[in-house]
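[1] here is a sequence with its predicted model. Questions after.
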Amino acid sequence: MTVANNAETLALKVKQSKRKKVIAWTIAGIFSAIYLVISLAPFIFMVLNSFKQKFEMLVGGVFSIPKSLDFSNYTSALKGNFLHYLMNSVVILAISLIILLFVSACASYPLSRFRFKMRAPIYSVIVACMCIPVHITLIPIFRMAKSTHMYDSIWSLIGPYVAFGVPISVFILTSFMKAIPREIEESSEIDGCNKFQIFFKMILPLSKPGLATLAIYNGVNMWNEFSFAYTLTQSANSRTLPLAVWDFQGQYSMNTPMIMAVLTLSLLPMVIVFIIFQDKLVKGMTAGAVKG
């Protein structure tokens, strides 16, 4: 009887455990579906209305299917200064990311692999810089750009973008490099490699997942940055893509589908990049999480 009772108790516990898992997964699925709908609703609204004519959205509703795929909004946007704004953003993003990743990697390597007295204070100061609000630096950086004759040029944006990206990049990359086994570095030293060779040939290649994560994270922030671009540039030749949206909004304030088309074109490059490199982003986020 005791064995039978134990078996029944065990079977009951297994059923309860399965029931709890089913309930938990059901609740998680419901919340995931709600989050998915909330996340996709603005994107669907933007894309659908970008194919509508000027007054079609007001007559048929914001989430109604367009009567026809009207590409006139996209052609009008591309005929303007949109491509010039796009090229400015691409140039600034590429140069800023290259400088940012190189500087962050050079700073993270000694902070993660070397032992010296000032390591903790230097690391603390760099991390503390993450707390500096961007907007309190606008006036000093504006005056600096004017005094160096870099105001109203795309080159005036590279410095602030790199400077404000360094703290979070060093913070993440230092933790990532700490997770790299020291045996790799020690075996390289035995083979006769100096510190520079170890950094460029061993540490830097092994840090590619972390660098890819930082490139995507900082790239999205730089691509969408508005405050510095609006403060440090004035003419159309120097402005970036977020300001293109601002200019189109002022020019076509009564033509909402036109603004939706510009927003879709602005968002499309980042969506494509994220789709291509999403596996590297996941690897970078998880690679340094567990130390061996």
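    Thanks, I have it.
[2] nearest spatial neighbour of residue 54, skipping sequence neighbours?
    residue 255 (5.2 Å; CB to CB, 6 or more residues apart in numbering). Where C-beta positions appear, they are placed from N, C-alpha and C, glycine not excepted.
[3] pretty sure the one you found is touching residue 53, no?
    No - contact criterion CB atoms under 8 Å: residue 255 and residue 53 do not qualify, at 9.3 Å.
[4] all helices for the stretch 151-292 of the chain, in order.
    For the stretch 151-292 of the chain, applying DSSP state H, counting those that start in this stretch gives helices covering 155-178, 182-190, 195-198, 204-206, 208-224, 227-232, 241-251, 256-287.
[5] which helices and strands does the helix or strand containing residue 25 pack with?
    Following DSSP states H and E, one finds residue 25 within helix 2-50. When contacts are defined as 3 or more CB pairs under 8 Å, 6 or more residues apart in numbering; DSSP states H and E, helix 2-50 sits against helix 256-287.
[6] contacting residues around the most centrally placed residue in the chain?
    Centroid check for the chain by CA atoms, centre = their mean gives residue 217 as the closest residue, at 2.7 Å. Contact analysis of residue 217 by CB atoms under 8 Å, 6 or more residues apart in numbering lists residue 168.
[7] switch to numbering from 517
    Noted, 517 is the first residue going forward, which turns the last one into residue 733.
[8] low-scoring stretches of this structure, by residue?
    517-530, 577-578, 765-770, 795-808 (pLDDT under 70).
[9] domains in it, by residue range?
    Listed domain ranges for the chain are 518-566, 588-803 (source: automatic domain parsing).
[10] deepest of the ones you listed, which one?
    Mean neighbours per residue, mean count of other CB atoms under 10 Å, is largest over the domains of the chain for domain 588-803, with a mean of 17.
[11] so what's the gap between that one and the chain middle?
    In terms of CA atoms, centre = their mean, to the nearest Å, the centre of domain 588-803 is set 8 Å apart from its chain centre.
[12] residue contacts, the closest residue to residue 563 other than its chain neighbours?
    Nearest non-adjacent residue to residue 563, counting by CB to CB, 6+ apart: residue 780, 5.8 Å away. Going by CB under 8 Å, 6+ apart, residue 780 touches 562, 563, 566, 590.
[13] just checking, the first one touches residue 776?
    Yes - judged on CB under 8 Å, residue 562 makes contact with residue 776 at a distance of 5.0 Å.
[14] now do the same end-to-end measure for stretch 624-633.
    Stretch 624-633 has an end-to-end distance of 16 Å (criterion: CA to CA, to the nearest Å).
[15] no wait, stretch 625-635
    Stretch 625-635 has an end-to-end distance of 11 Å (criterion: CA to CA).
[16] next, the angle from whichever strand or helix holds residue 607 to helix 671-694.
    According to DSSP H and E, residue 607 maps onto helix 598-629. Angle, helix 598-629 to helix 671-694, by axes from the mean of the first three to the mean of the last three CA atoms, to 10 degrees: 40 degrees.
[17] so who does residue 591 touch?
    Residue 591 makes no contacts at all, as judged by CB under 8 Å, 6+ apart.
[18] okay, it and residue 774: tell me how far apart.
    Using CB to CB, to the nearest Å, we find residue 591 at a distance of 11 Å from residue 774.
[19] for residue 761, same thing?
    Separation of residue 761 from residue 774 (CB to CB) stands at 11 Å.
[20] quick one on the thing from earlier: between the contacts of residue 780, which is nearest residue 633?
    The nearest member of these to residue 633, counting by CB to CB, is residue 562 at 53.7 Å.
[21] how close does the closest one get to residue 790?
    For residue 562, the distance to residue 790 - CB to CB - is 16 Å.
[22] isn't residue 690 right up against residue 622?
    No - Residue 690 sits out of contact with residue 622 when judged by CB under 8 Å, with a separation of 11.7 Å.
[23] and the angle from the helix holding residue 541 to helix 772-803?
    Using the same axes, to 10 degrees: helix 518-566 against helix 772-803 is 140 degrees.
[24] that concludes my questions; thank you for your assistance.
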